[in-house]
Structures are given as structure tokens and as C-alpha cells.
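> Below: sequence and its predicted model.
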Amino acid sequence: MNNVNRTILALVTTSALATSAFAATETSSERLQSARGSVEALSVTLENMGADVDSSVNLNGAYTTNQKTSVYKAKHAELQAQFDELHAQSAE
């Protein structure tokens, strides 16, 4: 199980690094799609780890693409904290 968690963590980290490497050339709609995909992928990972996941994103009041991207990034940060907590528990 620890190997699975390490693999998942490596994939998430690699994905984040790859995303940031291409961020300079992405359009705002591509950044939104990337942020949305990151939330979906991390949600699935958490569900596979047995966690209860609330992956819903409230876009009320987010009118521009950049505002929507910020909402998805905040949700990703929330899910990442949940992942980090689960990973720490499994390492004990």
C-alpha cells in the first residue's frame, strides 16, 4: 500500500510540475481546463484511497475564466491537504 501511495504522490507531483512548466504559454481557458482536470484527478485518487470526497465546486460569482480558475485552484488546495493528511496517516 505504501508503494501505491508513493506512486500516486509522484504522479501528482509530476503533473503539477509539468503543468507549471507550460503555464507561461497556456491561454486562460486552458488554465481553467487544467485546474478542473486537477481537481477531478485528485478527487478520484482520494476516492481510491477510501476517503469521502466533496469535489463540488461553487462557481457562483465567478464570472471570468480567471475567477473560475482561482475557485478550482482553491478546491485543489483543499483536496491536496486532505490527500497529505491521508498519506501521513498511512505512513504511520
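Sure thing, it's come through.
> Now do the helices in this structure.
2-22, 28-48, 65-91 (DSSP state H).
> So which other helices or strands are in contact with the longest one?
The one in question is helix 65-91. On a contact count with 3 or more Cβ pairs under 8 Å, 6 or more residues apart in numbering; DSSP states H and E, helix 65-91 meets helix 2-22, helix 28-48. For glycine as for every other residue, the C-beta is placed from the backbone atoms N, C-alpha and C.
> Least reliable of those helices by average pLDDT, please.
Lowest mean pLDDT of the helices and strands packed on helix 65-91: helix 2-22, a mean of 61.
> For residue 69, which residues are in contact?
Contact analysis of residue 69 by Cβ atoms under 8 Å, 6 or more residues apart in numbering lists 28, 31, 32, 35.
> The third one touches residue 62, doesn't it?
No: taking Cβ atoms under 8 Å as the contact criterion, residue 32 and residue 62 are not neighbours in contact, 10.0 Å apart.
> hey, what's in contact with both of these two?
With Cβ under 8 Å, 6+ apart as the test, residue 32 and residue 62 both reach residue 68.
> So for those two, which residue has more residues nearby?
Neighbour count, other Cβ atoms under 10 Å: between residue 32 and residue 62, residue 32 has more, with 21 against 15.
> Give me the nearest residue to that one, chain neighbours excluded.
Distances taken as Cβ to Cβ, 6 or more residues apart in numbering place residue 69 nearest to residue 32, at 4.7 Å, with adjacent residues excluded.
> cool, and residue 58?
residue 71 (7.2 Å).
> So what's the residue count around residue 65?
Residue 65 has 15 nearby residues by other Cβ under 10 Å.
> Would you mind listing the residues in contact with it?
Applying Cβ under 8 Å, 6+ apart to residue 65 gives the contacts 28, 29, 31, 32.
> Residue 29 versus that one, what's the distance?
With distances taken as Cβ to Cβ, to the nearest Å, residue 65 is found 6 Å from residue 29.
> Same check on residue 92?
To residue 29, residue 92 is 42 Å away according to Cβ to Cβ.
> of these two, who's got more company?
The neighbour comparison of residue 92 against residue 29 (other Cβ under 10 Å) goes to residue 29, with 11 against 4.
> Sweet, I'm off.
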